[in-house]
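> need a 3D model of the sequence below.
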Amino acid sequence: MAAEAEVLDELHRLRARVPQLTGALAASVDGLVLAQDTPGVEPEGLAALTAAALGVALRVADATGRGDFRELLVRGEHGYVATYAAGPSAVLTLLAGDRTNVGRLHLEGRRSGTRIGELVEAAVEAQPAPAARPAQKALTPRTRTARAARTVPGPTGEGR
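Numbers count the residues shown, from 1 in each chain. Have a look, this model is predicted:
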């Protein structure tokens, strides 16, 4: 992706703004890593789990009439995992310690999610359109031609 360096810079700036962040990952909605700063955490696995959690969150929001997905927060014994929408085709997942100011986490996560969404969409729009395939010859429809009746000699030697 052309914007990978810019997305990674945004992740680094986010980690500088929120000191309790222990990791940040931008991924496509189908679980592919776009950029990551997740020391000690396997990014491909986290991206895949984020996509799975996103699928569930989308269904819950839809089933309860809550509208489009915006964010998901999981609180564990040792901290938080927060996932934010980053445009229509990406998500931002943040890992934070248990003493994180959750309000600050949301504020900065939402801002970075918006910025990353803009970067990803700009990169998608900047990609050249796939090369058009050369025009194929128009196929002429095949029609059946009349066949002469087959005659098979019968036991008397006459055709049937």
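> phi, psi for the one residue sitting closest to the centre of the chain please.
Against the mean C-alpha coordinate of the chain, by CA atoms, centre = their mean, the closest residue is Val29 at 2.7 Å. Geometry field for Val29 lists phi and psi as phi -70, psi -20, criterion degrees, to the nearest 10.
> now the strands for this structure?
In order along the chain, the chain carries the following strands (DSSP state E): 21-28, 33-37, 71-76, 79-85, 90-97.
> could you single out the most deeply buried of those strands?
Mean neighbour count, computed with mean count of other CB atoms under 10 Å, is highest for strand 90-97 among the strands of the chain, reaching a mean of 25. The way it works is simple: take the backbone N, C-alpha and C, and place the C-beta from them, glycine included.
> how about the CA coordinates for that strand, as PDB?
What follows is strand 90-97, C-alpha atoms only, in PDB (Å, rounded to 0.1, in the frame of the first residue of the first chain):
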ATOM      1  CA  ALA A  90      -9.700  -0.200   7.500                       C
ATOM      2  CA  VAL A  91      -9.700  -0.400  11.300                       C
ATOM      3  CA  LEU A  92      -7.400   0.800  14.000                       C
ATOM      4  CA  THR A  93      -6.700  -1.400  16.900                       C
ATOM      5  CA  LEU A  94      -5.000  -0.100  20.100                       C
ATOM      6  CA  LEU A  95      -3.500  -2.000  23.000                       C
ATOM      7  CA  ALA A  96      -3.300  -0.100  26.300                       C
ATOM      8  CA  GLY A  97      -2.400  -0.700  29.900                       C
END
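> could you give the angle of that strand to strand 33-37?
Between the axes of strand 90-97 and strand 33-37, defined by axes from the mean of the first three to the mean of the last three CA atoms, to 10 degrees, the angle is 20 degrees.
> ok, residues contacting strand 90-97?
Under the contact criterion CB atoms under 8 Å, 6 or more residues apart in numbering, strand 90-97 has outside partners 14, 18, 20-29, 34, 38, 41, 46-47, 50-51, 54, 78-86, 105, 109, 112-113, 116-117, 120.
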